[in-house]
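K.L.:
I'd like to go over a predicted model; first the sequence, then the structure.
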Amino acid sequence: MARTALVAGNWKMNFDHFQATYFMQKLAWLLRDAHYDFDDAEIAIMPPFTSIRSVQVLVESENMKIKIGAQNVSEMSGGAFTGDVSAEMLEKLGCSYTIIGHSERRKYHPEDDVNLVDKVRATLAAGMQPILCVGESFEERRQGIELTYATNQVADVTRDLSAGQARRMLVAYEPVWAIGRGASATPQDAQDAAAAIRRHFAQAFDEDVANDVRILYGGSVKAANAMDLMAGPDVDGFLIGGASLDPEEFSKIARIVALAARRRRKQ
Ligand SMILES: O=C[C@H](O)COP(=O)(O)O
């Protein structure tokens, strides 16, 4: 069965809950006006923790099929962990996804593979799906080791999962040098990395798992490059930062991904 494309907006540390509500109202209007079909491509919004409830209320009141994700999750299940938010709390708020190991968190917070493995497990145990972010910096790309680097990052976090757990993973290939820069990776770069990651799942688990895992591209995605980046058959959608803060641009990207996914299904 074909994988469902996903257009995920990672707001990072932007928008208070008033702005989040305004954004969601506008997005709902734009999608309705465009007769957006959520069966073509799923849409997910990853707000800061403080806006998740506001987004959820809007999604429910507007009766939209938009999914919600969190930008991080605690590896702990609860208790005396000041500042942490558990997977169970996020699931109760209506979250379907958690972003795990985003390069900005790896850079600014002490997150190592052990934390990431536990975050993946906590997410899966709560019935949500983890979106594991991987991707090389400019240095690894210069050395020509970008594919090994990304697949090793995947292996480090997923090696002890069961096949049943692994098939519920999503991976976002986000080359660090392409994030927030205006210039994305080329469609071929995105496809090569997505194919290498899928091959890794086939070797580490089996073909069925590899066929189920959704692999997103992230790094300066916008409406102008979305169709080209969706050309690779292993690219199942996007994790979008900057362009997800503009409802018009974001809904345009979603419509492009939906169209690309429709075409892909007909092939
Ligand atoms: O999570 C999203 C990525 O960091 C991409 O951000 P960007 O679209 O602003 O380059």
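P.N.:
That came in fine, so what should we check first? Numbers count the residues shown, from 1 in each chain.
K.L.:
host element of Ile43?
P.N.:
Taking DSSP states H and E as the definition, Ile43 sits inside strand 41-46.
K.L.:
what mean pLDDT does the helix or strand that comes right after that strand have?
P.N.:
Moving toward the C-terminus from strand 41-46, the next helix or strand (DSSP H and E) is helix 49-61. Averaged across helix 49-61, the pLDDT comes to 96.
K.L.:
Return the residues of the stretch 151-267 of the chain in contact with the ligand.
P.N.:
Proximity of the stretch 151-267 of the chain to the ligand, by CB under 6 Å from any ligand atom, involves residues Glu174, Ile179, Gly180, Gly218, Gly219, Ser220, Val221, Leu239, Ile240, Gly241, Gly242, Ala243. From N, CA and C alone the C-beta is placed, and that goes for glycine too.
K.L.:
Okay, and which of these map to strands?
P.N.:
Leu239, Ile240 (DSSP state E).
K.L.:
Looking at this protein, what residue ends up closest to the ligand?
P.N.:
Gly241 (2.3 Å; CB to the nearest ligand atom).
K.L.:
ok, that residue to Gly218 distance?
P.N.:
Taking CB to CB, to the nearest Å as the measure, Gly241 and Gly218 are separated by 7 Å.
K.L.:
quick one on the thing from earlier: which residues sit against the strand holding Ile43?
P.N.:
The contact list for strand 41-46 (CB atoms under 8 Å, 6 or more residues apart in numbering) reads 4-11, 24, 27, 31, 36, 55, 65-71, 96-97, 99, 237, 244, 254, 257-258, 261.
K.L.:
any residues in contact with both of Gly241 and Gly218?
P.N.:
Going by CB under 8 Å, 6+ apart, residues that sit against Gly241 and also against Gly218 are Asn10, Ile179.
K.L.:
higher neighbour count, those two?
P.N.:
Gly218 (27 against 22; other CB atoms under 10 Å).
K.L.:
Let me know whether that one touches Phe238 as I believe.
P.N.:
Yes. Applying CB atoms under 8 Å as the test, Gly218 and Phe238 come out as touching, 6.2 Å apart.
K.L.:
before we move on, the earlier item: the strand holding Ile43 near the ligand anywhere?
P.N.:
No. Counting by CB under 6 Å from any ligand atom, the ligand has no neighbours in strand 41-46; the shortest distance is 7.9 Å.
K.L.:
Going by secondary structure, Glu140 is in what exactly?
P.N.:
Here Glu140 is assigned to helix 138-143, by DSSP H and E.
K.L.:
Chain neighbours aside, what residue packs nearest to Met76?
P.N.:
In space, and not counting its chain neighbours, Met76 is closest to Asp84: 5.8 Å by CB to CB, 6 or more residues apart in numbering.
K.L.:
May I see the buried residues of the helix holding Glu140?
P.N.:
Residues of helix 138-143 classed as buried under the neighbour-count rule (16 or more other CB atoms under 10 Å) are Glu140, Arg141.
K.L.:
Show me what the helix or strand following it is in contact with.
P.N.:
Next helix or strand after helix 138-143 toward the C-terminus (DSSP H and E): helix 146-158. Contact partners of helix 146-158, identified using CB under 8 Å, 6+ apart, comprise 100-101, 113, 116-117, 120, 132, 134-136, 140, 166, 169, 171, 173, 175, 192-193, 196-197, 199-201, 204.
K.L.:
show me where the stretch 1-150 of the chain has strands.
P.N.:
5-10, 41-46, 67-70, 95-100, 129-134 (DSSP state E, counting those that start in this stretch).
K.L.:
Among those, single out whichever gets nearest to Ala20.
P.N.:
Across the strands of the stretch 1-150 of the chain, Ala20 has its closest neighbour in strand 41-46 (8.5 Å, CB to CB).
K.L.:
tilt between that closest one and strand 129-134?
P.N.:
80 degrees (axes from the mean of the first three to the mean of the last three CA atoms, to 10 degrees).
K.L.:
Describe which strands strand 41-46 pairs with in its sheet and in which direction.
P.N.:
Strand pairing for strand 41-46, using DSSP bridges, gives strand 5-10 (parallel), strand 67-70 (parallel).
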